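[1] how would this look folded up:
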Amino acid sequence: MTRQEVEALIESSRRSFRGESEIVIGPNLHGADLAGVDLSFLDLSGANLHGADLSASNLSGANLCGANLHGARLSKANLTAACLDQCNLHGADLSESNCVNATFKRANLSESDFRRAKSLDEKSLEKANLTGRKK
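    As a prediction, this is how the structure comes out:
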């Protein structure tokens, strides 16, 4: 899948709400192969990325708040300054990922793999579920 295809899915996931304001319902990218794709600065908030392959992808500056990344593969991904607050990352592989200035506040990181992750700041893990996290 390409960045352009992801952008089209994001746009098609927008829905009008009561004619007054627009809310964004995240795109369904369940099991998507996004390995190595440049997704920097995209708004993927609320996206369903359950089981997706995001290994070696560029997610720098991306908004993934509230996304479902259960079992996702993010090994060697660039997560610099990405927002992963309130994400479900249960069982996700973030080994060797670059986490400089990434935030994981109130995220579910249970059973996730952060071995050899770069610059993971414990302060960015505020109120996160760290049960069984591998570091």
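[2] Enumerate every residue touching Glu126.
    Lys105, Arg106 (Cβ atoms under 8 Å, 6 or more residues apart in numbering). For the C-beta atoms, the positions are set from N, CA and C on the backbone; glycine is no exception.
[3] just Asn28 next, same as before
    Asn28 touches Leu9, Ser13, Ala47, Asn48, counting by Cβ under 8 Å, 6+ apart.
[4] Also Ala77?
    Here Ala77 is in contact with Leu54, Ser55, Ala56, Ser57, Asn58, Leu59, Leu94, Ser97, Asn98 (Cβ under 8 Å, 6+ apart).
[5] tell me which of those residues is nearest to Arg115?
    Set against Arg115, the nearest of these by Cβ to Cβ is Leu94 (8.6 Å).
[6] Now do the contacts for the nearest residue to that closest one once chain neighbours are set aside.
    With sequence-adjacent residues excluded and distances taken as Cβ to Cβ, 6 or more residues apart in numbering, Leu94 is closest to Leu74, at 4.7 Å. Neighbour list for Leu74: Leu54, Ser55, Ser57, Leu59, Ala92, Asp93, Leu94, Ser97 [criterion: Cβ under 8 Å, 6+ apart].
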